[in-house]
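Peer 1: Below are the sequence and a predicted model; questions follow.
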Amino acid sequence: MIRAAKAADIPDLARVHVEAWRQAYAGQVPEALLAPDRLAWRAAMWTAILAGGEGPYLALVAHDDAGALAALGLFMPATEAPAGWDHEIRSLYLLRHVQRRGLGAKMLAQGRDWVRARGGRNLMAWALDANTGAQDFYRATGAIEIARRVVPAGTASLAEIGFGWDPV
């Protein structure tokens, strides 16, 4: 079941976010970005997001068969998108054990519905150049490559590919 995230989910959101990063990005990003101390940083991030109440975002969570939170999604007006792109996926992470079951596509569909309901025209997401799993997922859901960039990540720089759905 997919539902809106709430403040009570913050510890689990932080845990899933950190664990999903470790699963997806081991060997692709500086090890410091995968360190256990990132849990507090992620909890603070989710606290700040959810403190906005009904703000301009859609935060989703989903649970696995055992009832543990295992997926998260964050959709919002674009802040890091190329010109002309009005909404972005800031986070869409599923733990490995719930991937390839259609859950990511369902979360994406809800995000796209939210963008349309807000009058948005399109949606984009960034994926690490080395993260072929995310790239394959975005392409399989109809996204096309729209941009490339390099972003600082601690002492390193990471190449990213922007994917977009236009129209949503």
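Peer 2: Good, I have the coordinates.

Peer 1: ok, now how distant is A143 from H63?
Peer 2: In this view, A143 and H63 are 26 Å apart by Cβ to Cβ, to the nearest Å. Yep, even glycine has a C-beta here, placed from its N, CA and C like the rest.

Peer 1: So for these two, which sits in the more crowded spot?
Peer 2: The residue with more neighbours, out of A143 and H63, is A143; 21 against 16, by other Cβ atoms under 10 Å.

Peer 1: so the more buried one makes contact with F163?
Peer 2: Yes. If you go by Cβ atoms under 8 Å, A143 and F163 touch, sitting 3.9 Å apart.

Peer 1: Next, the contact list for the residue nearest the centre of the chain, please.
Peer 2: By Cα atoms, centre = their mean, the chain has its centre lying nearest to S91, at 1.4 Å. In this structure, S91 makes contact with 17, 72-74, judged by Cβ atoms under 8 Å, 6 or more residues apart in numbering.

Peer 1: Could you report the distance from it to D37?
Peer 2: 19 Å.

Peer 1: Does A40 lie in a helix or a strand, and which?
Peer 2: Element membership of A40 [criterion: DSSP states H and E] is helix 38-50.

Peer 1: and that helix, which residues are buried?
Peer 2: Using 16 or more other Cβ atoms under 10 Å as the test for burial, helix 38-50 gives 38, 42-43, 45-46, 49-50.

Peer 1: excluding its backbone neighbours, what's nearest L60?
Peer 2: Nearest residue to L60, sequence neighbours excluded (Cβ to Cβ, 6 or more residues apart in numbering): G73, at 4.2 Å.

Peer 1: show me where this protein has strands.
Peer 2: 2-4, 58-63, 69-77, 87-94, 123-128, 144-153, 156-165 (DSSP state E).

Peer 1: Name the residues that touch the fifth one?
Peer 2: Taking contacts as Cβ under 8 Å, 6+ apart, the residues outside strand 123-128 that touch it are 25, 28-29, 75, 78, 80-82, 85, 87-89, 92, 111-112, 115, 134-135, 138, 143, 146-147, 149, 158-166, 168.
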